[in-house]
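K.L.:
After the sequence you'll find the predicted model.
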Amino acid sequence: MRALWFLTWRLLVNSVRRTLRHPVRAVVFALVVGWFGFVTVGNLIFAIGIRVRSAPHLPPDFTVVSMDNLLALIMALHLTMLWQPLSPWAGSTSVPLFTQADVHFLFPSPQKRPTVFFFLLFTRGLANSLFTLLVLVFLVIVVGQELMVNALMGRHPSNVSLSWAYPLMYLLAFTGLLFSGVYITLREERREGFRRRLSTGFWCVIGLLAGMLGVYGYRAWSTGYEPLQEVVWHALHNPMVAIPLLPLRALAEAALVFYNGWTPYVSLGFLVWGGFTACTLWLLIREEGWLYELATRMSSLTTAYSLRRQSSAYAAYQDVISYTTSLGSAVPRWWLFEMWTPQGVWALLWCNGLLLWRMAKGMMLSWGLFFGMAMLALIVFLKRYEPEMYPVVGVISMYTFSFFSLFLTQVLLVVAVRRAEMNKSLPFRATHIIWMEILPPTLFVWLLVTCLWGAFCVLLPQQWAMLTSNYLRVFSIVPLWHAGMFMVYLLVPDQSDYTQRALLGMLLMPVFGLTLLPMLAIWGITAWLSLPAMAGAVITFVVNAAVTWAVVGIAGKRYAHVNLAE
Amino acid sequence: MLEVTNLYKSFRNVRAVNGLSLHVQSGEIVGLLGPNGAGKTTTLRCICGILRPDAGQIVVGGFDLAKQEQQAKRLMAFIPETPNPYELLTVREHIQFVAMCYGTMDTFRERIEELLHRFDLKEKENELVATLSKGMRQKLAVACAFVHNAKVFLCDEPLIGIDPKGQHELKSELQRLRDEGCAVLVSTHQLDTAERLCDRVIIMQAGRKLAEGTLAELQTQAQMADSTLEQVFLRLTEEAKDAGAVVSDMATSGQ
């Protein structure tokens, strides 16, 4: 056990040291940590100031309905967060729970098998999800000072003693899901198709629940009631839906234990999550002899994934083919890539486009499906509001869809930076390579936004000028976002290093903010000068294009020196 | 010192090791040869406890690996093919970590300087492993194998990626280990090295043992007197492949 603690501690310390030794990374690290520290401490002091100035109280209009909405929101947040520990089941190999180093140096050693396995699983799994949790805590501190003051000092001081409930339940849920993800992987190793069957069953249940909630929402909407409120009520109080969602409800109740005190849901949650964790632990311990073999398999998947990311574009293409073939699935083909075979630097675009298509086809289809459903929902939603709201919704949806698409495309940029070592040897300028790397994801987002713009222009032909001016703004900001992200990835290229990964998470949001600045400035100036919207859009388009060009130029200089080992 | 009996290992529908038996005595270097996919690495990984065999027994220094895993592992050292050390440990920390795993910190304190010098790692001792070249990583893996008092050395392609001087030194080390009474099992594709280094070789194909013995015994088996190990190896593996193809043809034609 001492050796395992030594390993964990040294990996952490050396990761921070490595970051601090790199001059640019050290400055960025200091700025980012300083900013987060300043904001956190500032908000805490401000929160205490509120306490001193006036007796804290909940907003007067904070009703049972508000509490229901809050519970539903926290449940939805957990639904997205708790996917992470399940990643081994989901087939994701990007989260390194086990590495080849463990296989080569730790597993042959006389350390006890369950100790090594569960220690690595738990510490690395937790470290992967800890960052998400820290971001949430940060948001609560920044946004919810008054709520926090109420919780900690005001309304229910006795509930403060129950503050252990949420972290403990979260830990139980996290551990249980992590163990179950690993156990499912073990079963899949023995019998192919197990994961697929389980996944199908799971999605059927989710689909059934979503369908039921959709029906309730539709009924409410058709009878003139607020559909969202009806959906929330059924999710929390209708036994048909509320019972399957009980584990999530329990987590939400535990998170709000400051306000609501110890409810029966909290007790039930401990029983459910505790029982689940104990069961999955028992299942894994029963398979003690297979634990190293499973970890070896998981680490080789991670390594294969990492190798594919590091290899040259063509090698990556070959790897993807052999990988998909080894999985028994047919290699996806598209006529476009069969017909179009460009020469020179455009060959990189061809290759990157093909890789994007092959590696992210599932994600793209899911996102497209979601996009289509959201479009339908928007059209239904539009009918309820005044006609002057129509174009506003159209514009907002273009911005939000393009922004949320970045969560999908940013994964592809990590892959692009990993390929830098090999791509640098190609006879092309670094800036050209970067253009070819950021163009495929940009084209994907452009396609989505263009569909949205087209749909709204058909729906609201009289508003085409407003829609088009904003379309131009969105169109020009997308490559700038990708160039900005690429720049950040070049700064922190090694995502297997915890410090660099944390830095990446903290840097992306400020970079998005910075890339929006030119657009916002031009918007302000054109409004002040009372220029037409289209003129402002054209200026924004030109300025964004110039800024993107400049960012790619700067990134090109950095690209030539990027070194994953430094 | 190392006794493997009827070892079987499958991955889903692929049988990687098929009833392999072998032994390595103290003071002996045995070469494990075979074409790609013959099951050499799987065999070594089963012996060092990374993979769990489907059937068979592995006994190291009198300890059954299935029943007395800790005792058996304490006697073994494993040098992996293309090692992937912990990139965010320094060279010194890495060797220390391995020593801690084996509970031999006293030996670490005694040997660390000598190991660092012997494997040309002294200048890099405080550098992160991430900065090491492929060859240096291989040397680090070898140094880690020497940090505890192992009696059985399992080497999976140990010479790959090491410069000629390093290869020479590693071969001398293995010979020294043999002289000190250790058992060494080396998997390699370098047949000339195996010929000069190993006391005995085992040729594997498709998870089975094809032939075993000294060079002279293998020459007799292949009816190729005065031939090199490479010629014998090629003859035996080609014959086995042809025989396998004939059996396969007979099976498909229903004979």
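P.N.:
Perfect, thanks for sending it.

K.L.:
contacting residues around stretch A:245-256?
P.N.:
Here stretch A:245-256 makes contact (CB atoms under 8 Å, 6 or more residues apart in numbering or on different chains) with A:67, A:70-72, A:74-75, A:78-79, A:165-166, A:169-170, A:173, A:209, A:235-236, A:242, A:260, A:263, A:265-266, A:268-270, A:272-273, A:276. (Each C-beta comes from the backbone N, C-alpha and C, glycine too.)

K.L.:
Swap in 7 Å and give it another go.
P.N.:
By CB atoms under 7 Å, 6 or more residues apart in numbering or on different chains, the list of residues contacting stretch A:245-256 from outside reads A:70-71, A:74-75, A:78-79, A:165-166, A:169-170, A:173, A:235-236, A:242, A:260, A:263, A:265-266, A:268-269, A:272-273.

K.L.:
Now intersect the residues you listed with the helices, please.
P.N.:
A:70-71, A:74-75, A:78-79, A:165-166, A:169-170, A:173, A:235-236, A:242, A:260, A:265-266, A:268-269, A:272-273 (DSSP state H).

K.L.:
Please list only the buried members of the contacts of stretch A:245-256.
P.N.:
In the contacts of stretch A:245-256, burial by neighbour count holds for A:70-71, A:74-75, A:78, A:165-166, A:169-170, A:173, A:235-236, A:242, A:260, A:265-266, A:269, A:272-273, counting by 16 or more other CB atoms under 10 Å in any protein chain shown.

K.L.:
Report the central residue of chain A.
P.N.:
Nearest to the mean C-alpha position of chain A, counting by CA atoms, centre = their mean, stands A:Phe407 at 5.9 Å.

K.L.:
Okay, and that residue sits in which element?
P.N.:
helix A:389-418 (DSSP states H and E).

K.L.:
Would you mind listing what in chain A touches chain B?
P.N.:
Within chain A, the positions near chain B by CB under 7 Å from any CB of the partner chain are A:2-3, A:6-7, A:10-11, A:14-15, A:18, A:99-101, A:103-111, A:192, A:289-290, A:292-293, A:296, A:497, A:565.

K.L.:
Now find how far off-centre whichever strand or helix holds A:Val39 is within its chain.
P.N.:
Using DSSP H and E, A:Val39 sits in helix A:23-53. The chain centre lies 24 Å from the centre of helix A:23-53; the measure is CA atoms, centre = their mean, to the nearest Å.

K.L.:
Who are the packing partners of that helix?
P.N.:
Identification of packing neighbours for helix A:23-53 by 3 or more CB pairs under 7 Å, 6 or more residues apart in numbering or on different chains; DSSP states H and E yields helix A:2-21, helix A:113-143, helix A:145-149, helix A:464-491, helix A:498-528.

K.L.:
A:Leu7 contacts B:Val98, correct?
P.N.:
No: between A:Leu7 and B:Val98 there is no contact under CB atoms under 7 Å: 10.2 Å.

K.L.:
any idea whether the spatially most central residue of chain B is helix, strand or coil?
P.N.:
Closest residue to the average C-alpha location of chain B: B:Cys155 at 2.9 Å, with CA atoms, centre = their mean. With DSSP: H, G, I helix; E, B strand; the rest coil as the basis, B:Cys155 sits in strand.

K.L.:
cool, the one 3 residues further on as well?
P.N.:
For B:Pro158, the assignment made with three-state DSSP gives coil.

K.L.:
How about the contacts made by it?
P.N.:
Under the criterion of CB under 7 Å, 6+ apart, the contact list for B:Pro158 reads B:Ile79, B:Val142, B:Leu170, B:Val186.

K.L.:
Return the subset of the residues you listed lying in strands.
P.N.:
B:Ile79, B:Val186 (DSSP state E).

K.L.:
Of the contacts of B:Pro158, which ones also sit close to chain A?
P.N.:
Among these, no residue is within reach of chain A (CB under 7 Å from any CB).

K.L.:
for the residue of the stretch 401-550 of chain A found nearest chain B, what are its contacts?
P.N.:
Going by CB to the nearest CB, chain B is nearest to A:Asp497 of the stretch 401-550 of chain A, at 6.7 Å. With contacts defined as CB under 7 Å, 6+ apart, A:Asp497 is in contact with A:Ser15, A:Arg18, B:Leu88.

K.L.:
what about the last one, which SS state?
P.N.:
I take that to be B:Leu88. Quick answer, by three-state DSSP: B:Leu88 is coil.

K.L.:
Report the separation between it and chain A.
P.N.:
Separation of B:Leu88 from chain A (CB to the nearest CB, to the nearest Å) stands at 4 Å.

K.L.:
what's that residue in contact with, if anything?
P.N.:
A:Leu11, A:Asn14, A:Ser15, A:Arg18, A:Asp497, B:Leu128, B:Ala130.

K.L.:
For those residues, please prepare CSV with the additional fields distance to A:Pro342 and pLDDT.
P.N.:
Shown next, in CSV, are the contacts of B:Leu88 (distance: CB to CB, whole Å; pLDDT from 0 to 100):
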residue, distance to A:Pro342, pLDDT
A:Leu11, 44, 89
A:Asn14, 44, 90
A:Ser15, 41, 87
A:Arg18, 39, 86
A:Asp497, 36, 78
B:Leu128, 41, 89
B:Ala130, 36, 86
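
K.L.:
Just send those residues back as JSON lines, with distance to A:Thr442 too.
P.N.:
Converted to JSON lines, the contacts of B:Leu88 look like this (distance: CB to CB, whole Å):
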{"residue": "A:Leu11", "distance to A:Thr442": "36"}
{"residue": "A:Asn14", "distance to A:Thr442": "36"}
{"residue": "A:Ser15", "distance to A:Thr442": "32"}
{"residue": "A:Arg18", "distance to A:Thr442": "32"}
{"residue": "A:Asp497", "distance to A:Thr442": "27"}
{"residue": "B:Leu128", "distance to A:Thr442": "35"}
{"residue": "B:Ala130", "distance to A:Thr442": "32"}
